[in-house]
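[1] Sequence first, then the predicted structure, then my questions.
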Amino acid sequence: MLTFAHPWLALLLPLPWLVWRFVPPYAQSRRGVRVPFFAGLVALTGLEPRPGIVVGRRGVWRSIALALAWLLILGALMRPQWIEPPLHKDKPARDLLLLVDLSGSMDTKDFTDPAGQQVDRLTAVKQVLDEFLARREGDRVGVVVFGDAPYSLVPFTTDLKLCRQLVQEMQVGMAGPRTALGDAIGLGVNLFARSTVPARTIIALTDGNDTASKVPPSDAARVAHDHKITIHTIAVGDPAAAGEDKLDEAALRDVAQATGGGFYRAMDRAQLADIYTRLDRIETRKVDTVSFRPKTDFFWLPLLVAVLLAMLIELPKVRRA
């Protein structure tokens, strides 16, 4: 569709006629010569005598060419544009951060894979996370792993293929043998600092109690709540274990409740997969649709024609010179 960026400039269309009609002709003083055959001389030159000035007559074709040149220049100033059909693009409206415990206890083989073979907890988590991430089209996803300290494995990205690949490369103990859930939540809050989307969610998975954090999980959860971040917690450990491997369900419940999230317990792979399926329904896909229409400027076309026309108008004068 053809349109103009500055259509109001069309009001200048009668400007040359107004100047011709109401502005006096340009006058230049010259020495006069009295001749007895003045009337005949005027007839031969085609000039129109007026008191005090001499105004040259402009030919019909020259007048038409000048009017056309003015129309072309005015058209160029109005900035003609060709607008393409609208294009729609989905823009992520949620940032989703996964916190994954890589402490030594995640090496415990008390889960089974779809084939029925005994696998460690982290292997089962990676299998379920891969299926979960495959359904997150439209979200920006990040991954933080934690042990003795938290580390950002994947910054927020829409490249889910890369995210899934790096999740599969996680190894038990790569962040240290202990558990620092509170610090992981704190790192997550910092990662959300530059986020501008309205929905911010953390899914934290751990199988032990917090033994290495400088900031208690409950305090980190309150900070997350102040930043409008929802935290869902998933427990995959054994609540009957002792020592550092003991699962602190109370702390995980407090973290979830403080931020308006949910607490879930997974004792096997089937329960873990069901939890992520429920979270997929709760944290539905959110996108903002952005529409825009590509524009192509054509102001140069009438301007080029006007320049060529002006050159043709002046060409006879150049030849006479």
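    Sure thing, it's come through.
[2] wait, what's in contact with Q168?
    126, 130 (C-beta atoms under 8 Å, 6 or more residues apart in numbering). For glycine as for every other residue, the C-beta is placed from the backbone atoms N, C-alpha and C.
[3] ok, it to R135 distance?
    To R135, Q168 is 17 Å away according to C-beta to C-beta, to the nearest Å.
[4] same thing with I185?
    24 Å.
[5] Please enumerate the strands of the stretch 151-300 of the chain.
    199-206, 230-235, 263-265, 287-292, 295-297 (DSSP state E, counting those that start in this stretch).
[6] CSV for the ones you listed, including distance to S218?
    Shown next, in CSV, are the strands of the stretch 151-300 of the chain (distance: least, C-beta to C-beta, whole Å):
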stretch, distance to S218
strand 199-206, 13
strand 230-235, 11
strand 263-265, 13
strand 287-292, 33
strand 295-297, 54
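[7] looking at the ones you listed, which has the lowest confidence?
    Ranked by mean pLDDT, the strands of the stretch 151-300 of the chain bottom out at strand 287-292, with a mean of 60.
[8] ok, G75 touching P302?
    Yes. With contact defined as C-beta atoms under 8 Å, G75 counts as touching P302 (4.2 Å).
[9] Domains in the chain, by residue range?
    2-20+41-85+293-320, 89-290 (automatic domain parsing).
[10] Where does pLDDT dip in the chain?
    26-33, 49-58, 88-93, 237-245, 283-292, 316-321 (pLDDT under 70).
[11] So which bits of the longest helix belonging to it are buried?
    When the chain is parsed with DSSP state H, its longest helix is helix 300-320. For helix 300-320, a neighbour-count test (16 or more other C-beta atoms under 10 Å) marks 302, 305-306, 309 as buried.
[12] residue at max distance from the center of this structure?
    Within the chain, the residue lying farthest from the chain centre (C-alpha atoms, centre = their mean) is P36, at 82.1 Å.
[13] Can you give me the separation between it and A43?
    On the measure of C-beta to C-beta, P36 and A43 end up 14 Å apart.
[14] ok, which stretches of the stretch 101-250 of the chain are helices?
    121-134, 160-168, 181-191, 217-226, 249-259 (DSSP state H, counting those that start in this stretch).
[15] Would you mind finding the most buried of the ones you listed?
    helix 181-191 (a mean of 24; mean count of other C-beta atoms under 10 Å).
[16] Quick check, G186 in contact with A221.
    No. Contact criterion C-beta under 8 Å: G186 and A221 do not qualify, at 10.0 Å.
[17] Remind me what the helix or strand where L97 lies packs against, helices and strands.
    Assigned by DSSP states H and E, L97 belongs to strand 94-101. Packing partners of strand 94-101 (3 or more C-beta pairs under 8 Å, 6 or more residues apart in numbering; DSSP states H and E): helix 121-134, strand 140-146, strand 150-157, helix 181-191, strand 199-206.
[18] Tell me which strands that strand pairs with, and in which orientation.
    Its sheet considered, strand 94-101 pairs with strand 140-146 (parallel), strand 199-206 (parallel) by DSSP bridges.
[19] CA atoms only for the longest one, dumped as PDB, please.
    I take that to be strand 199-206. Extracted in PDB, the C-alpha atoms of strand 199-206 (Å, rounded to 0.1, in the frame of the first residue of the first chain):
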ATOM      1  CA  ALA A 199       6.300 -13.200  34.600                       C
ATOM      2  CA  ARG A 200       9.400 -14.500  36.500                       C
ATOM      3  CA  THR A 201       9.600 -18.100  37.800                       C
ATOM      4  CA  ILE A 202      12.200 -20.200  39.500                       C
ATOM      5  CA  ILE A 203      12.000 -24.000  39.700                       C
ATOM      6  CA  ALA A 204      14.400 -25.300  42.300                       C
ATOM      7  CA  LEU A 205      15.300 -29.000  42.600                       C
ATOM      8  CA  THR A 206      17.300 -30.400  45.400                       C
END
